[in-house]
Structure formats: structure tokens, C-alpha cells
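Participant: sharing a model prediction with you, sequence too.
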Amino acid sequence: MAQAPLYWRRTPQVVTPTKWPEKLLQLLSLPLLMFIFLPMVALFVRTPPESLLLNLQTPQVVEAVALSFGTTWITVIIAVILGTPVGYLLARYDFKMRRLFDTLLDLPLVLPPAVAGVSLLMAFGRRGMLGGYLDFLGIDIAFTQFAVILAQTFVAAPFYVKAAILGFSTIEPELEQAAALDGAGHLQVFRFITIPLSWSALLSGMVMTWARALGEFGATIIFAGNYPGRTQTMPLAIYLGFELDLDVALTLAVILVGLSFAILMIVKGFLRNEVPQG
Amino acid sequence: MADIPPSKRVTVMVLLRKLINILAPPAYQPAPVPIRSRGRRRKIAIILFLVLLTALTVGCGAQPQAETTSTKPVTITVFAAASLTEAFTEIGHNFEAAQPDVKVIFNFAGSQQLAHQLSQGAPADVFASANTAQMQTAIEAGRVTDNAAQTFVHNRLVVIYPADNPAGLVTLQDLSKPGLRLILAAADVPVGRYSQQFLDKAAQDPAFEADFKDGLLTNVVSYEQSVKAVLTKVALGEGDAGIVYNSDVTADIADQVSRIDIPDDLNTIATYPIAVVSDTESPNPSQNFVAYVLSPAGQDVLAKFGFTGVP
């Protein structure tokens, strides 16, 4: 794709032959966009800046924010370490179990998170399938931050793997073969050819995983429980705050919306600048 | 635009599509699978899918259809505290049997959640709360008339632990033993509030050590959002002990959990108020349901499930 003639890049409007369908499409897009936009605005309108600043200092809010950020980045790292080989395997090789593996990765995306929470409890809980062995080894998972991370990884890691599959499969295998012919080892090919060519997809997969982990609620409350500062992440604090202290819930909701939006915007802008050279 | 030859235009489209795929990856789309005998397989897959879908639709749809008879029953919606789940389900069946023209639908959840739903305008006909505070929330929101609520049952707290007693719990004092994993309900859940009152009373009691309350609170591993969540997690053995209502230890779960009674002077007797929601569309059947709960027939069922009736 790098061999494309240079002049097309200077004319980004090539796909829109005339002007009026764009205007029409913008008009047709308006209802859905407004439907998503309005509740977000309502959230900000309902939370005046001064009460936001005041609530930001509540220990419950501080703890929930710290816990959410402390756990989600670990989740992303785990997803990258464990997910990259899976993504490469599924992108490059065709084998008997391929579709099974691929469908297995779809499950956490389509199942209600509550199902994830119950299944995790059945597997890793104290009386769960592996619980006895873990107990024997002195490993305690339930009601710890590790449980929070497990719940997030279960639900969010497939987003990274799916993006990685897509990223890897857009690379021409010939490029990797050429590097190998020139004497590069497997790791060198992966490090200098595969990753640089797919990193934008990998990065957006990481961001999706991070965002999904940040919003994880159902699996966490069932598997990790709810203890402020230990397992009470922002979504849990929002849910319980809705019943106890609406201001806390609103503050956390505003933080969550604001940060998610900002980070997604930044990453998208970043990718837009980087990709056309690829 | 005009200077791009038609043959190149296709390349541009393909490139753009690739670019879009990278910028906004359709994350759910599996990688391309080599084409085999796709046509036939796809046909079989579609047929299987449709058969499954039809079976599910028919299977689920058939039941309500069979039930609806020629007379159209009035439906009333009862918002009831989670702790009432078993007792009210049975009362509901009995009530429907006694009054065939009325159908009762329950919404069981933490009382605090129900009170909030009511305040936000959720349609309901009857509200049965596990404490007066959450009924008060509904009254303040204007959904229940001030003097409409009446106490229909009492409940008491009880400490439960998994049947094999992993923490070796014997007395109430053991609850502050270091390393025990205690599960309580959150402070806004009625049973959570009652549990805190028990702790305050125990802290004043000479039979308990001065640091009993602090020791116990450091043992808490989770504050659950409903009494049933506490019960399930203790029954699963995830926690070593929990505080729930006497009525929660039903026959279903009695072989999975054991109990330690909390003496009367430390126990907080939970008061359950019930009321017809002021803007109900079917006041008569709703009023009848409340009367049925208060009647000997209703009280017997509640007693069967471990509640203490109103004198």
C-alpha cells in the first residue's frame, strides 16, 4: 500500500462525489448523536463546578478514582502480554480450533458481565473449581484488588485481542517473509516489522480494553465485592452512591465521562497523525 | 479528482478502506477465514440459527399465551424488599388463587433501591419496605400518603456462617477474631443499618471487649448491596460470616449455612411497613393485597419464613 501514487493523498475528498449527500447524512446522523450527547450534557449541567470540586476531596471519590486507575492499567498490561500471542495466532494461522478460539473470545463481549462475575466466582472463588488449590498455595483472590483485575481482564481483554487480530492480518505476510530472508529472527521480525506496522491497531485495542475495564461493574461487584479503597471502583461507587449520596455519584460520573472522552479523543488524534505514513 | 484514472480510483478506495479499518477497527469482526464450501455451509448455518430462534421464541412465548384466559385480570405491581422474596412470592400465589381476577407482579430489590425508583416515578401499586427510613423516602417523594403506611411484620438479625464453619466461629465475640472474613450489607441497605445498630449496642455491652466493634469492622471484606448478596456469598463460602435477617435462613439454604442468634437486648428488631402507592391505577386490588398480607393467612406465610408477626 506504500506504493500508491502520491497525488491522491493531497485530495482527501475523493470519496464524496457531490456535496449534498454529506449534508443529508449529517442531518440523518443528528438524532442518534443528540441522543448520546444530551444525557452527557445533562450530567454536567446537573453538577455545578463548585460541588464537583468539593466532592473531589471526599475520601470515597478519591479512593474510587485511585483504585480504578490503579487496576485498569494493570489490566491493559495483562491483556497485551497474554493477548498478543493469541491475536497473532488467530491472524496468521488457520487450524481446526480456530473458529472455536475466536468464538470463545467473543463470549465476554456478548455475555452480561454478571455472568462473567458468577463464572469467575465458580472458578476462582474459595469453593470454586480452582479455589481449593489456590487456598492450599495460600493465594486469596476473592475480595482483593487482584479479583478486580481478574474481572476486568476477563471482560475487557478480548477487545485488545480482536484489535490485534485485525492489525496483524492487515500486514502483508510478504513483508515479514522479506525481513526473514534478509536474516531477521522471529523476534526481530515481530519487533521491527509486525509491531510497527500494526501498532495503531494495537494501540486502539489497548484503549478500548482500558475504557471497558474502567467501566466494568457487574463482574466486579459479584466477584470482587464492594469495599471502599480495596474493591470499590468508580462504577461501583457510582451505583451505590446513587442510592446513598447522589452528589458523589454525579461527581464520579462526570470524572469518568470527561476522562474517557479526553483520552479517546487524544488517542484518535494521535492515530490520525501517525497512520497515513504506514 | 478528475485527474485520477478510473483504474487508480479503485486502489484509492481500497486504501481508504484499509485506513478506516486501522483508524476505527471493527473490533468484533473476525479475521478473514479461507473460503471453503461457503454457500452450503452458510445455508445450513442460517437454517439452524432460524430453527433455534423459532424454538426459543415459541418456547418462551407459549407460556403466557396459555395462561391468559378470556377474562382479563387486573395486574398490580408490588415493590418489595429483597428479604421478602420467598414469603411474598408464596403470598402472591395464594392471593392470586383467592382472587383470580388479580395478577400480582413483584419487583424485589434492596428497599433503598425501590425507594429511589419510586422517587424517580417508577410505576407501582404497593410498596413494602424493610425499614421505616426507606418508606419515609417514598413519603417525602409524594408517592405514599403520610399515614398510609402500616407495619405488617417484624424481623430480627442473625449471624450466619458456612455449614463447614471455616473460621471456627462459636460465639458472637468471635466475629472480631483477626483474619475472619465478614460480609455485611452496605450502610444504606436496611439490614446494613440494623447491623451497625447491633455493633453499637454490642460496643456498650460488658460481655464484649472494648475494641469489638473496631475489630469486627476491620474484618469486613465487602459491603454488599442487598441482604440476598450477603447470604449467597456466605453460603458459597466466600465469606466466613455475615449478618442477615432471620427470615433469610430459609429451608432452601438451611443445609448450607448455620446460624448464631443475636440476643434480644442486642438485636435490632426490623420493622417492615407496607403501603398502597398514592397514584395507583387500581386502588381496590392493591388495598386487598395489603389486607391479605395483614390477614391471618398472610401472617402465617410470613411466620413460616421466619418473620415475627405483628401482635
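Facilitator: It's in.

Participant: residue A:164 is in contact with residue A:201, correct?
Facilitator: Yes. At 6.9 Å, residue A:201 and residue A:164 qualify as touching, with contact defined as C-beta atoms under 8 Å. (C-beta placed from N, C-alpha, C; glycine too.)

Participant: in the stretch 101-250 of chain B, which residue sits nearest chain A?
Facilitator: Using C-beta to the nearest C-beta, residue B:222 is the residue of the stretch 101-250 of chain B that sits closest to chain A, at 2.9 Å.

Participant: got the phi and psi for that residue?
Facilitator: The phi/psi pair for residue B:222 (degrees, to the nearest 10) reads phi -160, psi 140.

Participant: now swap in the one 4 residues further on and tell me
Facilitator: For residue B:226, the backbone dihedrals (degrees, to the nearest 10) come out as phi -160, psi 160.

Participant: tell me the centre residue of the chain?
Facilitator: Answering for chain A, as no chain was given. Nearest to the mean C-alpha position of chain A, by C-alpha atoms, centre = their mean, lies residue A:209 at 1.5 Å.

Participant: the intended chain is chain B.
Facilitator: Using C-alpha atoms, centre = their mean, the most central residue of chain B is residue B:109, at 3.8 Å.

Participant: quick check: the gap between the closest residue in space to that residue that isn't next to it in sequence and chain A.
Facilitator: Of all residues not flanking residue B:109 in the chain, residue B:82 sits nearest, at 5.9 Å (C-beta to C-beta, 6 or more residues apart in numbering or on different chains). Going from residue B:82 to chain A by C-beta to the nearest C-beta, to the nearest Å gives 13 Å.

Participant: and the helix or strand containing residue A:39, what does it pack onto?
Facilitator: Using DSSP states H and E, residue A:39 falls within helix A:20-46. Under the contact criterion of 3 or more C-beta pairs under 8 Å, 6 or more residues apart in numbering or on different chains; DSSP states H and E, helix A:20-46 touches helix A:246-274.

Participant: quick check: buried residues in the helix it packs on?
Facilitator: A:247-256, A:259, A:267, A:271 (16 or more other C-beta atoms under 10 Å in any protein chain shown).

Participant: same list (those) but as TSV, adding pLDDT and distance to residue B:165.
Facilitator: As requested, the buried residues of helix A:246-274 are exported to TSV (pLDDT from 0 to 100; distance: C-beta to C-beta, whole Å):
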residue	pLDDT	distance to residue B:165
A:247	80	42
A:248	82	37
A:249	85	38
A:250	87	43
A:251	88	42
A:252	89	39
A:253	91	42
A:254	91	46
A:255	89	43
A:256	90	41
A:259	86	45
A:267	82	51
A:271	74	56
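
Participant: out of those, which are close to chain B?
Facilitator: residue A:271 (C-beta under 8 Å from any C-beta of the partner chain).

Participant: that older thread, can you tell me the SS state at the residue nearest to the centre of chain A?
Facilitator: helix (DSSP: H, G, I helix; E, B strand; the rest coil).

Participant: which secondary element of chain B has the worst mean pLDDT?
Facilitator: One helix or strand of chain B scores below all others by mean pLDDT, DSSP states H and E: helix B:6-23, with a mean of 58.

Participant: now do residue 115, the pLDDT please.
Facilitator: Looking at chain A here, since you left the chain open. On the pLDDT scale, residue A:115 is placed at 92.

Participant: meant chain B actually
Facilitator: For residue B:115, pLDDT reads 90.

Participant: wait, it sits on residue B:131?
Facilitator: No. Judged on C-beta under 8 Å, residue B:115 makes no contact with residue B:131 at a distance of 9.8 Å.

Participant: ok, residue B:110 to residue A:53 distance?
Facilitator: 31 Å (C-beta to C-beta, to the nearest Å).

Participant: and these two? Which one has more around it.
Facilitator: residue B:110 (27 against 10; other C-beta atoms under 10 Å in any protein chain shown).

Participant: residue contacts, the closest residue to that one other than its chain neighbours?
Facilitator: Leaving aside its sequence neighbours, residue B:110 sits nearest to residue B:226 (C-beta to C-beta, 6+ apart; 4.3 Å). Residue B:226 is in contact with B:82, B:109-110, B:113, B:185, B:189, counting by C-beta atoms under 8 Å, 6 or more residues apart in numbering or on different chains.

Participant: what is the nearest of these to residue B:234?
Facilitator: Residue B:234 has its nearest neighbour among the contacts of residue B:226 in residue B:185, at 11.6 Å by C-beta to C-beta.

Participant: indicate the residue of chain A located nearest to chain B.
Facilitator: residue A:225 (2.9 Å).

Participant: that residue: neighbour count?
Facilitator: 27.

Participant: helix, strand or coil for it?
Facilitator: Residue A:225 ends up coil, using three-state DSSP.

Participant: just checking, it touches residue B:184?
Facilitator: No. Residue A:225 is not in contact with residue B:184 according to C-beta under 8 Å; the separation is 10.6 Å.

Participant: what do the two both touch?
Facilitator: By C-beta under 8 Å, 6+ apart, the residues touching both residue A:225 and residue B:184 are B:222-224.

Participant: so, if you compare those, which one comes nearest to residue B:143?
Facilitator: Using C-beta to C-beta, these come closest to residue B:143 at residue B:224, 26.2 Å.

Participant: my read: the closest one touches residue B:182, true?
Facilitator: No. Using C-beta under 8 Å, residue B:224 is not in contact with residue B:182; the gap is 11.2 Å.

Participant: give me phi/psi at the closest residue to residue B:208 other than its chain neighbours?
Facilitator: Of all residues not flanking residue B:208 in the chain, residue B:202 sits nearest, at 4.8 Å (C-beta to C-beta, 6+ apart). Per-residue torsions, residue B:202: phi -60, psi -40 (degrees, to the nearest 10).

Participant: can you name the residues that contact residue B:202?
Facilitator: Contacts of residue B:202 by C-beta under 8 Å, 6+ apart are B:172, B:208, B:212-213, B:266.

Participant: filter the residues you listed to the buried ones?
Facilitator: B:172, B:208, B:212-213, B:266.

Participant: CA atoms only: put stretch B:255-266 into CSV for me.
Facilitator: The C-alpha atoms that make up stretch B:255-266 are tabulated as CSV, following Å, rounded to 0.1, in the frame of the first residue of the first chain:
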residue,chain,number,x,y,z
ASP,B,255,-28.1,-27.0,54.8
GLN,B,256,-25.5,-24.6,53.5
VAL,B,257,-25.4,-22.1,56.4
SER,B,258,-25.5,-22.3,60.2
ARG,B,259,-26.6,-19.5,62.5
ILE,B,260,-25.8,-17.8,65.7
ASP,B,261,-28.7,-16.0,67.3
ILE,B,262,-28.2,-12.4,68.5
PRO,B,263,-29.9,-12.0,71.9
ASP,B,264,-32.9,-9.6,72.1
ASP,B,265,-31.2,-6.9,74.1
LEU,B,266,-28.5,-6.5,71.3
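
Participant: rewinding a little: residue B:115 and residue B:131 - which one has more neighbours?
Facilitator: With neighbours defined as other C-beta under 10 Å, residue B:115 and residue B:131 compare such that residue B:115 has more, 29 against 22.

Participant: list the helices and strands the helix or strand the more buried one falls within packs on?
Facilitator: Residue B:115 belongs to helix B:111-119 when assigned by DSSP H and E. With contacts defined as 3+ C-beta pairs under 8 Å, 6+ apart, the packing partners of helix B:111-119 are helix A:234-244, strand B:74-81, strand B:102-109, strand B:126-128, helix B:132-140.

Participant: just how off-centre is that helix within its chain?
Facilitator: 12 Å (C-alpha atoms, centre = their mean, to the nearest Å).

Participant: other residues contacting that helix?
Facilitator: A:242-244, B:79-82, B:107, B:109, B:124, B:127, B:129-131, B:134-135, B:137-138, B:140-141, B:143-144, B:188-190, B:225-226, B:277.
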